[in-house]
Every structure is written in C-alpha cells, then in structure tokens.
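# I need the structure of the sequence given here:
(one chain, ligands or ions: 1)
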Amino acid sequence: MSRWYDLFTSSEKRFTDIGMQMLDVKPGESILEIGCGTGHALTEFANKGANIIAIDISEKMLALARRKVQAANVGVCQADGLFMPVSDASFDSIFLSFTLELFDTPDMPNVMKECHRVLKPLGRIGIVSLAKQDTSAVRIYEWFHRRMPNLVDCRPIYLQPVLKEAGFQVQESTIKTMWGLPVEIVIAHKG
Ligand SMILES: C[S@@+](CC[C@H](N)C(=O)[O-])C[C@H]1O[C@@H](n2cnc3c(N)ncnc32)[C@H](O)[C@@H]1O
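Next comes the predicted model:
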C-alpha cells in the first residue's frame, strides 16, 4: 500500500499530530518511532531537533520515508517492532501511530515489553490507535476488518490495559473521533 498510503490516510495525520504534540519532545531527545510508514511524523520530530531512529517492517514504506526526510538527526532502518535491534535503555521517548493495532493480540504485550526494555528510566511512550468501544461504528468497521484484513488492516484495541500490563503508567489520554471511529491517544511513562 506504500504508493497510495498518504492518499488514503490523510485523515489520520491530524491524530498523529495530536499524539506528537502530547508527547512534546524536546531538542536533543532521542526518539524511536515504530512503524514510521512513509515518514509523516519524522519531519516534525526532526524539526524539533530530536534525534530519531525510525523502524518499519516494510522496505517500500521506508524508501518513501527516506525520500521525505533526509536530515542528519534521522536514521531509518528495517526492523520488526517485536524484536528490536536496539540496546536496553537507549531512548527518551517512543512513538507509535496507527501501528500497535496491526500486531496480533498475543504479540501486543511483547511489543510493549520491548518498548519498556529500550526506554530509559522515566522514558515516555506516545501511542495513537483505534480504540475498541461498544459502538455501531466500531462493529461495522470490525465487520470489514474480518472480511478484508489486507485492506482494512488496523483494528480497534484496548490500549491502556496493554500499556499497564507492560509496566507503564498512563500520564495523559484523550479520545477523538475519526469518521465516527474512536481514536485513543495515550502518553505513558516507564514506571
Ligand atoms: C498504518 S501504518 C502507520 C504508519 C505511520 N505511523 C502513520 O501514522 O502514518 C502502520 C505501519 O506499521 C508497519 N508495521 C507493520 N507491522 C510491523 C512490525 N511488525 N514492525 C515494524 N513495523 C511494522 C507497516 O509497515 C506500516 O508502515
């Protein structure tokens, strides 16, 4: 989907931007973005003077991200969020936008454990994701997700329990709405 990704997902960018504002990175901070896609968030983080490493499993997404952002403080590499080639306690912040909900349900706690491992003490994580709620919009979306998982790939999740189970403490959260679907944005820190 890399070629069409920005076209189809322009409505998601607003929520990614809110997540980045809430994460509030400072110049010189080290940030890891998991699932950077075509690199929308990278530009913003780079402009703030942060040092960013962005990973994605898709080489085609990464090629577009590399084309979009070429800055000395940005490194982009292919890796799986489940097994990150990163030392313990290396980052001040981690950011995931519309990515955690692509992992299998049993894998989500493992991704969060990896995030916990690579964050510095008191490091922060910001996550933007579709939120699972008992609404007809969510039920209709899930119906399409079950039948066309390659096209409707993200699915609504219970974000906060996954974070808390991995040892994070939720600091701030908000729910917004995109096309009637709830989008949760959470900032948490390593407890
Ligand atoms: C829905 S896109 C979101 C992209 C970007 N964060 C944004 O908000 O525009 C999800 C991204 O996660 C990547 N991804 C999926 N599974 C992954 C994994 N196991 N490890 C790393 N990245 C993954 C996909 O290749 C895709 O680029």
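# The chain against the ligand: which residues are in contact?
9, 12, 16, 34-37, 40, 55-58, 61, 80-82, 97-99, 102, 154 (Cβ under 6 Å from any ligand atom). Quick note: C-beta positions are derived from backbone N, CA and C, even for glycine.
# cutoff 5 Å now
16, 35, 37, 40, 56-58, 61, 80-81, 97-99, 102 (Cβ under 5 Å from any ligand atom).
# What remains of the residues you listed if I keep only buried residues?
16, 35, 37, 40, 56, 58, 61, 81, 97, 98, 99, 102 (16 or more other Cβ atoms under 10 Å).
# these two touch, right, the first one and residue 128?
Read it as residue 16. Yes: with contact defined as Cβ atoms under 8 Å, residue 16 reaches residue 128; the gap is 5.7 Å.
# any residues in contact with both of those two?
97, 98 (Cβ atoms under 8 Å, 6 or more residues apart in numbering).
# Spit out the contact partners of residue 42.
Applying Cβ under 8 Å, 6+ apart, the residues near residue 42 are 33, 36, 52, 54, 65, 68, 69, 74, 76.
# which SSE is it in?
Residue 42 is located in helix 40-47, with elements delineated by DSSP states H and E.
# where does the residue lying closest to residue 132 once chain neighbours are set aside land on pLDDT?
Counting by Cβ to Cβ, 6 or more residues apart in numbering, residue 132 lies nearest to residue 156, which is 4.0 Å off, once chain neighbours are set aside. On pLDDT, residue 156 comes in at 96.
# again, but for residue 5
Residue 5 is assigned a predicted lDDT (pLDDT) of 67.
# swap in residue 14?
94.
# List the buried residues in the host helix or strand of it.
Using DSSP H and E, residue 14 sits within helix 13-23. Buried residues in helix 13-23, counting neighbours by 16+ other Cβ under 10 Å, are found at 15, 16, 18, 19, 20, 22, 23.
# Dump the residues you listed into TSV; add distance to residue 108 as well.
Output for the buried residues of helix 13-23, formatted as TSV (distance: Cβ to Cβ, whole Å):
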residue	distance to residue 108
15	19
16	19
18	22
19	17
20	22
22	21
23	20
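# From the residues you listed, pick the one nearest the ligand.
Of all the buried residues of helix 13-23, the ligand sits closest to residue 16, with 4.7 Å by Cβ to the nearest ligand atom.
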